[in-house]
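A.B. asks: Okay, predicted coordinates and the sequence, questions at the end:
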Amino acid sequence: VLAELARDYEELIQLLSESGAICTLSLSFNNEGPLGTFFRYIGDTGTYIARYDDLVNGKEGPIDVSKVDVSMNVSSSKIANSLLPFEKSGSRTRAWQRCFPPTKCSMGSSGSSGEAWGGPCGKSGRSHAPGASYVPVTSAWVSVRRRKVPGGGPLSPRALGCSVALSMALFVACGRSVRGDGNSASDDAGNGAEAGDPSGGGGKGGASGSSGKGGTSGLGGEAGDPACEPALPPEAPLRRLNRFEYNNTVRDVFRDESRPADALPPDFYDNEKTPVSAELVEGWHRLAHDYAVSVTEDDDAAFGFIDCNRDVESETTCRDVFVKSFGAQAFRRSLDAADIDELTTVFTTGQSLGGNFRSGVRAVVEVALQSPEFLYRPEIGEPAEDRPAGWARPTPYEMASRLSYFYWGSAPDADLLAVAERGELRSADSVSEHTQRMLTDPRVRDVVGYFYPWLLRLHGATYQASGDPAYPTFTPEIARLLPRETAELGVALTFDARGSFASLLESPFTFVNGPLAAFYGVPGVSGGDFQQVNVSPNERVGFLTHAGVLASSALGTVTNPPRRGWLIMNALLCTLVPEEPGDGPLPPWPEGLTTREFFEQSTAGAVCAGCHQMVNPLGFAFEHYDAAGLYRDTENGLPIDATGTLYESDAAGSFDGPRDVARLLAGSADARRCFVRTWFAFSQGRAATENDACFLERLDEIFVNAEMSLAQLHVQLSLSDAFLYRPEVR
Amino acid sequence: MSRPFRLSRRTVLRGAGSIAIALPWLEAMEPVQKAQTANAPARRFLAVYQPGGTVLERYRPTGGETDFVLSPILSPLEPMRNKIVVLDGIDMKSAVGEQHQGGMVALLTGTVQNTPAPPAPTPTPSSAYAKGPSIDQVLATRLGTGRRFSNLQVAIRWGTGKSHGLLHPINCLNYADNASFTPLAPRLDPQAIFTEVFGSVGTVDNSWDRSILDAVDRRYVALAGRLGSADRMRLEQHLEQLRALEQRLSTMRRCSAPNRVDTTGYNPTSGLDSSDTGSVEDLETDAKIPTVGRFMTDMLVMAFACDLTAVGTLQWSDSEAKHTFPWLNLPEHHHYYMSDGGYRPAELEQIATWYSAQHAYLIQAMQTVDMGGHTLLDESIVFFGSDVQSPELHAKTDMPFLLAGNGGGLRTGRYLVYPHPSHNGLLVSLANFFGDPRTSFGDPTYSIPGLAGL
């Protein structure tokens, strides 16, 4: 856990003082619940514990924080940003600044406890005049995983986040120079980069250096090399199988169609950056165990696995055949001698513990399915002669997995493994050639069908209005089906309808099956299969008006416009707005207010308005849809006002309802660029960095020239440097 | 000095680097297993049935959510007060059907009793039983894979009165998680259960899992050494979790079979000889109920502790309960005090209080099992219920429901009064504690989302 925390805490908020000193600031958020109610800060000279608004030292001695006049009432935020393509770009900075304008802060003078500020920061702090101005240099949010109270228990009174969110700032890290922006997702590139050159230049170090110098300007940093040959290789952090990929893999490799990974803990939006949990490791253990037991119930079953005639061959021969073939299937590559040795040992140990041949089989299956080569996609790479030092390319087997998981969400098939075995897949041409075959496989549709619900945060979405008597037709079955609609539309637009980015937003048709059609009130559809239907143009437009998207944000039985707006800002404009803790009870709701009026009033305060003025209007545009995502003309008899203005990005403009919002986004270069970067992030399992800028700009261009063809974008992604190369492992 | 700012685990531990670190306290500072348990879904579910409901005015606690005072009937639970949740005001609305049968059927299924009633003693499956699976079976589907028993149902002094020792809606609580909701009979014979469940425990050790996990461990170590630092760190994280798992498993495997108790004189199938009215007595078997009850309890607890199962049901008799309580000096059978001999609250209170003491024993036993940094009770939820609130009018409002255990983060030491929701909401909540996100359970007519505030 600590190790992964370290990654998270690379993303701290750093403040630049007028004197040039940098303070690293971490915030403690209103983290409700029995388990996460306090935070521990470790500084040079001591440990401090923050509980809500109180701060104590390691011996529970209270520390006076009344003199600290910084009070950034930041609501609890998840670090859903890790894949955000604009992680280092200006949009995020703008969002941050609008949410939390540069704050005056002082360290408190002699009045505060010396112990509290006794570290280097204390010294530094005291040297500043109270009221010194700080500017955020890098901004990010510490990951606070809010535990959902099972059964929807009593909810935090702080929940809307704005009113009484905890404010607690502790400065302990102040130095004379910027230490780097600490925002990198991977060590590999960072290790090679000599950072901190204050004059700037390419790469991360440069970005942070210029941040330090120029306040916020350096964050605009998609400062790619115009020659399009970045000095540094694309990052390639280790990928692990998510539930979708695990299920597909065991289906394709072991013909197990039971979707066993559905029993694993749900994936996160930023799954690759989320530390592997105890439940996940135990879940994987259990799946391996169950599968191994199920395929070795008796000798027939166990031998059914092995291409070996046990009447003719010796057990040893059969064992060797099995170890090699099963190991290669599970590891998605041919085994080397060490692998064979190791798995053979596993086999013999299992055989002697269980006292029979099939126990050996069982042991190998159990071990293989928990091995990193199965659960992850480790890459060592090989030299890339055509590139500068520090670059490498995936080996053919590694490339086979890159291709198959990108296009199929599954393991390479036998053909692809054979291609790898022959040593192909070492060039863009070779990759491109095999891509053609892969695109004819129906599994490409599965991946695209996974992408769109992912983009809109529908995987694992909870539908609060479902099952509530107020929405009798919104059954759990409907809730389960809703993300399918979005998936089906995305797939159809990509592969069947020559769709474009704009068509996602403005599609006049959608896909429903019988139950969903009944839910929507669409006539003439029955059965379980999804089919294309035209939407009523006055009521629906594009995927943002899918009930699954709209209902995923409900607050109980009412809509949650800020959250709807938040989704658009984050998912479609890549503008990171801190996440609202949207699971709280509402403050008192005066009689006769519409949802819009209620949120306008309750978020009008200075603390809230910063973020809410960005997200509220976009959400209000969708007030014609209730908490189940169904169309309504009025809300409790009150007229609905769906007008508003978007100020952020080049999609800025005034609107009345979702059709206008869709039009603004469809015509927005920022939204289009965001979409490209989100696809990139999805394909790479990481956010884009400066090293990818050149490719992404080229891709932007290709995308525009191809009239924003979704199919083109999908194919182009496997032709990037990021796809074809990786850093050398040192 | 000018390398990119990076925080390694070592840096954190040394406190070097002068960085303010806000560590979510529990994640970072608690032993892994504990954090894991606290954040994880509940792992084990036990349903406990006692016949005859309770005597409400002698059962209801007084006071508020946390400062409640246990009633006379619940007083034996005082030592475990902080480990239970007393639920009040929940109505078993789906208990539609015959007076006791409807309650038996609904208790764990949240469905109405199917009609028409079959002629005893050979009801046909799915004719007068439940119309949906019981919560324990649903959870068994979720949790049960990979263990010797996907679930274990045991009953003590079962099949009395009208059911004549055979499966019948009047004595059946468990319904399969399949399309026909097959009614499931409990295991009855304590000695047979011991042999079946624990027969091999003495010889089974954890060498299998250890050897598997050791081999897996080696693969992570070997591969980690070949990767770049960030990737290596991720594999090392995995390795940490793997080792914590190993530790949990090996601690858990310190399980041992409970002491085999002599139950001579106890006839587990005494019900086969029963008469409708309870006129046929088996005092020898009745006298052994406390002994067998403890033994059954110990076996269930150790079946959990040894990870032989994750789901169980402990059924004290059945809704007929036509057996006597010699150790309480109550010469008539339970149903006599319920209604056959006229409603007799004094004797019923005595019986209900005795059951509370058995519940306390069970909770205590689960509390003492160390599962590797946390107790069995910490990872479990026990649901105590009956088929009626009170036998006087066969009322099914204000059901005497108790929960125990902290699995899934259930907060105990509480007395919760509800405004008469359907108990289907409780079943939903139970599923939710086990990580099943469903929002309904049982008969749609009575199904409501999970209970607020639980």
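C.D. replies: Nice, I can see it. Numbering: from 1, shown residues only, chains lettered A, B, ... in the order given.
A.B. asks: Please list the residues of the stretch 401-550 of chain A that sit near chain B.
C.D. replies: Counting by C-beta under 8 Å from any C-beta of the partner chain, the stretch 401-550 of chain A comes close to chain B at A:Thr462, A:Tyr463, A:Ser466, A:Gly467, A:Asp468, A:Pro469, A:Thr475, A:Pro476, A:Ala479. (Glycine included, C-beta is placed from N, CA and C.)
A.B. asks: quick one: which two of these are the most distant?
C.D. replies: A:Thr462 and A:Pro469 (17.8 Å; C-beta to C-beta).
A.B. asks: So those two - more neighbours on which side?
C.D. replies: Neighbours were counted for A:Thr462 and for A:Pro469 using other C-beta atoms under 10 Å in any protein chain shown; A:Thr462 has more, 15 against 8.
A.B. asks: mind checking pLDDT for the more buried one?
C.D. replies: Reading off the confidence values, A:Thr462 has pLDDT 84.
A.B. asks: With B:Val369 instead?
C.D. replies: In this model, B:Val369 is scored at 88, pLDDT.
A.B. asks: What residues does it make contact with?
C.D. replies: Listed by C-beta atoms under 8 Å, 6 or more residues apart in numbering or on different chains, the contact partners of B:Val369 are B:Val301, B:Met302, B:Phe304, B:Ala305, B:Thr375, B:Leu376, B:Leu377.
A.B. asks: swap the cut-off to 6 Å and go again
C.D. replies: B:Ala305, B:Thr375, B:Leu376 (C-beta atoms under 6 Å, 6 or more residues apart in numbering or on different chains).
A.B. asks: Which residue is the nearest non-sequential neighbour of it?
C.D. replies: Of all residues not flanking B:Val369 in the chain, B:Leu376 sits nearest, at 3.8 Å (C-beta to C-beta, 6 or more residues apart in numbering or on different chains).
A.B. asks: Return the residues in contact with that neighbour.
C.D. replies: B:Phe304, B:Ala305, B:Met366, B:Val369.
A.B. asks: Give me every residue in the stretch 301-450 of chain B lying close to chain A.
C.D. replies: B:Gly408, B:Ser429, B:Asn432, B:Phe433, B:Thr439, B:Ser440, B:Pro449, B:Gly450 (C-beta under 6 Å from any C-beta of the partner chain).
A.B. asks: Isn't the last one up against B:Leu426?
C.D. replies: No: under the criterion of C-beta atoms under 6 Å, B:Gly450 lies out of contact with B:Leu426, with a separation of 8.1 Å.
A.B. asks: all helices for chain B, in order.
C.D. replies: Taking DSSP state H as the test, the helices found in chain B are B:9-14, B:25-29, B:32-39, B:56-59, B:101-109, B:135-143, B:190-198, B:207-224, B:229-252, B:283-287, B:289-305, B:334-335, B:345-367, B:424-433.
A.B. asks: Surely B:Leu167 touches B:Ala185?
C.D. replies: Yes: with contacts counted by C-beta under 6 Å, B:Leu167 reaches B:Ala185, the gap being 4.6 Å.
A.B. asks: Check what pLDDT the residue nearest to B:Val369 gets.
C.D. replies: 93.
A.B. asks: One more: A:Glu580?
C.D. replies: Note on A:Glu580: pLDDT of 53.
A.B. asks: touching chain B at all, stretch A:237-248?
C.D. replies: Yes: judged by C-beta under 6 Å from any C-beta, stretch A:237-248 comes into contact with chain B through A:Pro237, A:Leu238.
A.B. asks: In PDB, please show the C-alpha coordinates belonging to that stretch.
C.D. replies: This file holds the C-alpha atoms of stretch A:237-248, laid out as PDB (Å, rounded to 0.1, in the frame of the first residue of the first chain):
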ATOM      1  CA  PRO A 237       3.800   1.400 -17.500                       C
ATOM      2  CA  LEU A 238       2.900  -2.100 -16.600                       C
ATOM      3  CA  ARG A 239      -0.700  -3.000 -17.500                       C
ATOM      4  CA  ARG A 240      -2.900  -5.400 -15.600                       C
ATOM      5  CA  LEU A 241      -5.900  -7.200 -16.700                       C
ATOM      6  CA  ASN A 242      -9.200  -5.600 -15.800                       C
ATOM      7  CA  ARG A 243     -12.300  -7.700 -15.300                       C
ATOM      8  CA  PHE A 244     -13.300  -7.300 -18.900                       C
ATOM      9  CA  GLU A 245      -9.900  -8.500 -20.100                       C
ATOM     10  CA  TYR A 246      -9.700 -11.300 -17.600                       C
ATOM     11  CA  ASN A 247     -13.100 -12.700 -18.700                       C
ATOM     12  CA  ASN A 248     -12.200 -12.400 -22.300                       C
END
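A.B. asks: and for it, what are the contacting residues?
C.D. replies: A:186, A:259, A:261, A:264, A:267, A:271, A:375-377, A:409-410, A:450, A:685-686, B:230-231, B:234.
A.B. asks: who in the stretch 151-300 of chain B is up against chain A?
C.D. replies: Looking at chain A, the residues of the stretch 151-300 of chain B close enough under C-beta under 6 Å from any C-beta are B:208, B:211-212, B:215-216, B:219-220, B:223, B:226, B:228-231, B:233-238, B:241-242, B:245.
A.B. asks: Pull out the buried members of the residues you listed.
C.D. replies: B:208, B:211-212, B:215-216, B:219-220, B:223, B:228, B:230-231, B:233-238, B:241-242, B:245 (16 or more other C-beta atoms under 10 Å in any protein chain shown).
A.B. asks: picking up where we left off before, now the contacts of B:Leu376 in a markdown table, with distance to A:Leu567?
C.D. replies: As requested, these are exported to a markdown table (distance: C-beta to C-beta, whole Å):
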| residue | distance to A:Leu567 |
| --- | --- |
| B:Phe304 | 43 |
| B:Ala305 | 46 |
| B:Met366 | 43 |
| B:Val369 | 45 |
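A.B. asks: which of the residues you listed sit farthest apart?
C.D. replies: B:Ala305 and B:Met366 (8.5 Å).
A.B. asks: More neighbours: the two, which one.
C.D. replies: Higher neighbour count among B:Ala305 and B:Met366: B:Met366, with 27 against 23, using other C-beta under 10 Å.
A.B. asks: Now do the contacts for the more buried one.
C.D. replies: Neighbour list for B:Met366: B:Val301, B:Leu376, B:Leu377 [criterion: C-beta under 6 Å, 6+ apart].
A.B. asks: Ends of stretch B:415-426, what's the gap?
C.D. replies: 15 Å (C-alpha to C-alpha, to the nearest Å).
A.B. asks: And the pLDDT for the residue of the stretch 601-730 of chain A found nearest chain B?
C.D. replies: Going by C-beta to the nearest C-beta, chain B is nearest to A:Val729 of the stretch 601-730 of chain A, at 4.9 Å. On the pLDDT scale, A:Val729 is placed at 91.
A.B. asks: now swap in A:Phe530 and tell me
C.D. replies: Per the predicted model, pLDDT is 97 at A:Phe530.
A.B. asks: tell me the angle of the helix or strand containing A:Trp284 relative to helix B:207-224?
C.D. replies: Assigned by DSSP states H and E, A:Trp284 belongs to helix A:278-294. Interaxial angle of helix A:278-294 relative to helix B:207-224 (axes from the mean of the first three to the mean of the last three C-alpha atoms, to 10 degrees): 120 degrees.
A.B. asks: what's around B:Ser339, how many residues?
C.D. replies: Around B:Ser339 there are 16 residues (other C-beta under 10 Å).
A.B. asks: All good on my end, thank you.
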